[in-house]
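> The following block contains a protein sequence and its predicted model.
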Amino acid sequence: MNLRLRTAERASRSAGKLLRDMLGSALGVRSKGLRSNLVTEADTASERLIREIIGADFPDDAILGEEGGTSGDARSGRWIVDPLDGTTNYAHGYRCFSVSIAYESGDGLQVGVVYDPMADELFSAAAGAGAHLNGAQLHASARSDLRDGLLVTGFPPIGADDDLENLRVMGRFMRRAQAIRRDGSAALDLCYVAAGRFEGFWEAGLHAWDVAAGALIVNEGGGRVSDYSGAPLRIDCGELIASNGLVHDAMLDVLRGEK
């Protein structure tokens, strides 16, 4: 897996440089069904570059990308790629976005890399080998009281008539936690939990490419990741709660409306 980790790191840095270079240029921006669900020329260019790098090193592996769908034979393992997590931020010049690349085999997630090109922060993990930020080991925070916790959430693209349940959940968390943030890049939110910058994160309406790399990084950083019921996370289940582990049960209670 060290070879795949190196490939993921190289691909994410290369794609991050491309995104950094394209930021602020005249981008072709279109919506994918909803005005709040955007894709830009940078998304597709980044994914194309990542596919080229991975394909050159591991031509037999399948690749699932947000923009290009699935290619290859998943029986030999698959890569899960979000070439630009935080597209709406990016399209507005708000510098909170990332590249997310994971590798999954029959034994589960094996490699996860998330790169923040504006901060030059490379978060990485390999199963059983811990999580790292630019080579230094990561540890989730030691805060055990939700009242001392800084939490972060996100909202899926929504239409005019869609339910706003997460606003109600957010209100409950605002009464229990120290503060709440909403940044717009689920992959970075997960990495910030692993790095001890946030105590917890929750969001619904997510896809595998949003969470695969970050979920592994949280687990390897000593945190906990689950679905809203508290069961072990399936990356395609659409909902996720991540924490330092110490406030996880308290967050589950809030999500259930019990506190």
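Received it, and whenever you're ready, just let me know what you need.
> In the chain, where's the longest helix?
helix 2-22 (DSSP state H).
> which residues touch that one?
Residues external to helix 2-22 that are found in contact with it (CB atoms under 8 Å, 6 or more residues apart in numbering): 41-42, 45-47, 49-50, 53-54, 57-58, 79, 83-84, 90, 97-103, 110-118, 122, 124, 126. Placement of C-beta: from N, CA and C, glycine included.
> Go again with 6 Å.
Helix 2-22 is contacted from outside by 42, 46, 49-50, 53-54, 57, 99, 101, 103, 111, 113, 115, 117, 126, using CB atoms under 6 Å, 6 or more residues apart in numbering.
> Poorly predicted segments of the stretch 101-250 of the chain, please.
158-163 (pLDDT under 70).
> make it 80
156-164 (pLDDT under 80).
> Which parts of it are strands?
With strands called from DSSP state E, counting those that start in this stretch, the stretch 101-250 of the chain shows them at 108-116, 121-126, 131-133, 136-137, 150-153, 179-181, 200-204, 224-226, 239-243.
> For E239, which residues are in contact?
A204, D227, Y228.
> please redo it, this time with the cut-off set to 8 Å
So E239 contacts W202, E203, A204, G205, L206, D227, Y228 (CB under 8 Å, 6+ apart).
> quick one: contacts for the residue lying closest to the fourth one once chain neighbours are set aside?
Pointing back at G205 there. Nearest residue to G205, sequence neighbours excluded (CB to CB, 6 or more residues apart in numbering): P156, at 2.6 Å. Counting by CB under 8 Å, 6+ apart, P156 touches E203, A204, G205, L206.
> What about those residues, which one has the most neighbours?
Tallying neighbours with other CB atoms under 10 Å puts E203 at the head of these, with 22 neighbours.
> where along the stretch 1-150 of the chain do the helices fall?
2-22, 41-57, 87-91 (DSSP state H, counting those that start in this stretch).
> Single out the most deeply packed of those helices.
helix 87-91 (a mean of 21; mean count of other CB atoms under 10 Å).
> who's in contact with that one?
So helix 87-91 is contacted by 19, 23, 27, 29, 36, 38-40, 42-43, 84, 95-97, 184-185 (CB under 8 Å, 6+ apart).
> Tell me the buried residues within the residues you listed.
19, 23, 27, 29, 38-40, 42-43, 84, 96-97, 184-185 (16 or more other CB atoms under 10 Å).
> export the residues you listed to a markdown table and tack on distance to N2?
Shown next, in a markdown table, are the buried ones among the contacts of helix 87-91 (distance: CB to CB, whole Å):
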| residue | distance to N2 |
| --- | --- |
| L19 | 26 |
| L23 | 31 |
| L27 | 36 |
| V29 | 38 |
| L38 | 36 |
| V39 | 33 |
| T40 | 33 |
| A42 | 30 |
| D43 | 29 |
| L84 | 26 |
| C96 | 30 |
| F97 | 27 |
| G184 | 32 |
| S185 | 27 |
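> which of these lies closest to E220?
S185 (19.4 Å; CB to CB).
> Backbone dihedrals for the closest one, both of them.
phi -140, psi 100 (degrees, to the nearest 10).
> That one contacts D82, doesn't it?
No - with contact defined as CB atoms under 8 Å, S185 does not reach D82; the gap is 9.3 Å.
> Quick check: neighbours shared by the two?
S98.
> can you list the domain ranges for the protein.
2-137, 146-255 (automatic domain parsing).
> quick one, which of those domains is packed in tightest?
domain 146-255 (a mean of 20).
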